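[1] Provided below are the primary sequence and the corresponding predicted coordinates.
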Amino acid sequence: MNTFSDLPLSSVLQTNLARNGFVQPTPVQALAIPQQLAGHDLVITAQTGTGKTLAFLLPLLERLLQHTPSPAGRALILSPTRELAIQISECFSQLADGTGLRAAVVVGGLNEQTQLQAVRKGAQVLVATPGRLADFLDRKLVKLGAVHTLVLDEADRMLDMGFLPTIRKILAELPVGRQTVFCSATIESSVAHLINVHLRNPVRIAIGSTTKPAEQIDLHHYEVEQDHKLGLLENMLRKDGGSFLVFARTKHGADRLAKKLVRSGSKAAAIHGDRTQNQRNLALRGFQEGSYRVLVATDVAARGVHVEGIAHVVNYDLPQVPEDFIHRVGRTGRAGLRGTASTFSTRSERGEIRKIERMLDLQLTSRPLPSGLERELPPSGGRTPIPFREPHSKIRQTRSFSPKGQTWRRKRA
C-alpha cells in the first residue's frame, strides 16, 4: 500500500482523508489497516508519533459504514487519560465527517449528564477512560453487549496507572467474538497476560524499537544545579525557536515553573491532574494553536499531549522511572520531523543519568552550560547571595532530655 487511495475504503472516507492531508500512510498504518480490515485481532507496538490512532480508527470506521445504519455502542476505545480520549474523539470526528457516525466521550472531569446524553442518542463509538466507564457500568447506565470492536490504546500506561482490575471488569462485559486491537509501547508480563487471554491469534505489528527514542531526536544533557535550571531554560527559549514541552516531576513544581516563565515574559501554561478539565483543555488547545509557546506538564497529564511539531522537549526534572524517559522525549520528532530533547540533572543525580543510559541503551550528548549563565540569572533571581556561616566558637552543643530519651540540639551561645 503506497497511498490511502489504494485501500478499499468508502468514498466518503477517501474524501475525508484527502481533505485532511492524509495521502501516504506511515509504516504502522500500511501494515495495520489491511489486517484490521480483514478482521484480525492486532497487537501493535510502535514508537510515539507513528500514527497509531489513524491506524485503528480508519478500519473501525469502514466496518461501521458497512453495517449502515449501525446500531449504538458498536465500538469501544479505551485510553489512559481524558486528554487522549478527547483527542481520539476529535480525530474520529474529522474522519467521520458526512458519514452520520458519532462518538461519545466517557471520561472523568466532564459533565456526566452531557456524556450520558451522547451515549443515549445512539453514538456508535464510545471513547472512554476505564474509571468513568466502569462507574457507568456499575450503575447500569451503559451496556456493552453490542460491541464488535475493542481498541485498548496505550495499554501499558493504563496498567501502570493501576487500571488492570477495572479493565478486567470491562472486558467481562464484552462479547467474546469481538475484534480486539491492542496498542502498547511495551509488552511486559501483565500486558502479555491480557493479550494471551483476550485476543484470538493476533497479528503482531512492531515498528522500530519501543525501548529507544526515534533516531530523529537529538538527545542532549546538561548538568546544572537546581538554582540555575530556570536560567538555562530561559536561555534555550531565547536562542531556540519553536514550541517547548517541559516536564516537571510534581504538580506544584509544574505550576511554580509555569508562573516563573510567565513572569519572565514567556507564554506558558501548566497541565496536571489537579487542574479542572476546562483548565486542561484550554492549556492544551492554547499549546496546539500557538497561544502558549511553553507547556509545563507532569507525566500522567502529558499522556494526552499528542501535538504535532513540538520542537523541544525538556526534562526539567528527571522522570520517576527510566521508561518514562521514552514517553517524554517521544513527544518531539514525530511524523518524520527532527526534534530535540534536553535533560537537566544536578551533580547528585549522575547515578540516575547513568541508569537511564544503561537501561535504555542510549547515550545522552553532554552539552556545556551557556557562557555567563550564572551571571544572567543568579540563584536569588537578582542578587548573588552571600552564604552566612557562624564562627565555630559561637556554636555549642547542649544535651536536653525528654521522657522518650535524650536528643542533641545545636544551640546558639
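    On my side now, so go ahead.

[2] what about the strands in the stretch 251-400 of the chain?
    Assigned by DSSP state E, counting those that start in this stretch, the stretch 251-400 of the chain shows strands spanning 268-271, 294-297, 312-315, 339-345, 365-366, 395-402.

[3] count the residues that sit near Gly109.
    Close neighbours of Gly109, defined as other C-beta atoms under 10 Å, add up to 16. For the C-beta atoms, the positions are set from N, CA and C on the backbone; glycine is no exception.

[4] the one 10 residues further on too?
    A count of nearby residues for Val119, using other C-beta under 10 Å, gives 20.

[5] ok, now Ile207?
    Ile207 has 20 nearby residues by other C-beta under 10 Å.

[6] what about the residue lying closest to it once chain neighbours are set aside, neighbour count?
    What sits nearest to Ile207 in space, not counting adjacent residues and going by C-beta to C-beta, 6 or more residues apart in numbering, is Ala46, at 3.9 Å. Using other C-beta under 10 Å, Ala46 is surrounded by 24 other residues.

[7] just checking, Ala46 touches Ala206?
    Yes. Assessed by C-beta atoms under 8 Å, Ala46 is found in contact with Ala206 at 7.0 Å.

[8] all helices for the stretch 1-150 of the chain, in order.
    11-19, 27-37, 52-65, 82-95, 112-120, 130-138 (DSSP state H, counting those that start in this stretch).

[9] which of these is buried the deepest?
    Neighbour counts averaged per stretch over the helices of the stretch 1-150 of the chain are highest for helix 52-65, at a mean of 23; criterion: mean count of other C-beta atoms under 10 Å.

[10] please name every helix or strand in contact with that one.
    Identification of packing neighbours for helix 52-65 by 3 or more C-beta pairs under 8 Å, 6 or more residues apart in numbering; DSSP states H and E yields helix 11-19, helix 27-37, strand 42-46, strand 75-78, helix 82-95, strand 149-152, strand 179-183.

[11] Pro370 is nearest to which of those?
    Nearest to Pro370 among those is helix 82-95; the distance by C-beta to C-beta comes to 33.5 Å.

[12] residues touching the closest one, excluding its own?
    13, 16-17, 20, 53-54, 57-58, 61, 77, 79, 103, 105-110, 125, 127-129, 153-154, 271, 277, 280-281, 284, 301, 303-306 (C-beta atoms under 8 Å, 6 or more residues apart in numbering).

[13] pLDDT score assigned to Arg375?
    On pLDDT, Arg375 comes in at 45.

[14] hang on, I meant Thr186
    On the pLDDT scale, Thr186 is placed at 69.

[15] repeat for Leu237
    95.

[16] hmm, it is touching Val314, no?
    No. Contact between Leu237 and Val314 fails when scored by C-beta under 8 Å: they sit 9.6 Å apart.

[17] shared neighbours of the two, anything?
    Going by C-beta under 8 Å, 6+ apart, residues that sit against Leu237 and also against Val314 are Phe244.

[18] looking at the two, which is more packed in?
    Using other C-beta under 10 Å as the criterion, Leu237 and Val314 rank with Val314 on top: 27 against 21.

[19] grab the nearest non-local neighbour of the more buried one.
    Excluding the flanking residues, the one nearest Val314 by C-beta to C-beta, 6+ apart is Val246, at 4.5 Å.

[20] again, but for Phe4
    Leaving aside its sequence neighbours, Phe4 sits nearest to Leu17 (C-beta to C-beta, 6+ apart; 4.9 Å).

[21] ok, that neighbour - contacts?
    Contacts for Leu17 (C-beta under 8 Å, 6+ apart) come out as 4, 9, 23, 58, 95.

[22] same question for Pro322.
    Counted by C-beta under 8 Å, 6+ apart, Pro322 has contacts 355-356, 359-360.

[23] and those, which are buried?
    Listed as buried from these are 356, 360; burial here means 16 or more other C-beta atoms under 10 Å.
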